[in-house]
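Enquirer: Below are the sequence and a predicted model for it; my questions follow.
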Amino acid sequence: MPHLNPRRHWRDHPAAFISQKQQYADEQALVFHDIDYIMITIRLLMKDYVHLAQRLVPIGRQMDLTISETAELLKRKTRAFGEEEIRAKFGRV
């Protein structure tokens, strides 16, 4: 949530989330609860996608996914880019 407005005070995030929930759903945002960014980083480094899936706040199409499907979604979204993908996006590497 802070990405949309990095200057927003942390106490204002819940109300902003509720008012902008449709935008988050439309853009397939990943919103987590009961976990901070440091622990998200640690869990990603550990490749513990199930733990992260359990902390995901399902919005939009995510609401239809099981925990294992959500874990696979997170795995796909955090995979390393291949050299061809990097070349296609940024040119010569």
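Expert: Everything's here; your move.

Enquirer: any idea what sits nearest Asn5, other than its immediate chain neighbours?
Expert: The spatial neighbour of Asn5 that comes closest, neighbours along the chain excluded (CB to CB, 6 or more residues apart in numbering), is Ala16 at 7.1 Å. Heads up, the C-betas are built off the backbone N, CA and C, glycines and all.

Enquirer: Regarding the chain, what is its longest helix?
Expert: Counting residues, the longest helix found in the chain (DSSP state H) is helix 67-77.

Enquirer: So which residues make contact with that one?
Expert: Helix 67-77 has contacts (CB atoms under 8 Å, 6 or more residues apart in numbering) with Leu30, Lys47, Tyr49, Val50, Leu52, Ala53, Gln54, Leu56, Pro58, Gln62, Leu65.

Enquirer: For that helix, output the C-alpha coordinates as CSV.
Expert: Coordinates of the C-alpha atoms in helix 67-77 are reproduced here as CSV (Å, rounded to 0.1, in the frame of the first residue of the first chain):
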residue,chain,number,x,y,z
ILE,A,67,-3.1,-21.8,-0.6
SER,A,68,-1.1,-24.1,-2.9
GLU,A,69,-2.3,-22.1,-6.0
THR,A,70,-1.4,-18.9,-4.2
ALA,A,71,2.1,-20.3,-3.4
GLU,A,72,2.6,-21.1,-7.0
LEU,A,73,1.5,-17.6,-8.0
LEU,A,74,4.0,-16.1,-5.6
LYS,A,75,6.7,-18.4,-6.9
ARG,A,76,6.0,-17.4,-10.5
LYS,A,77,6.0,-13.7,-9.6
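
Enquirer: Can you list the buried residues in that helix?
Expert: For helix 67-77, the neighbour count (16 or more other CB atoms under 10 Å) marks Thr70, Ala71, Leu73, Leu74 as buried.
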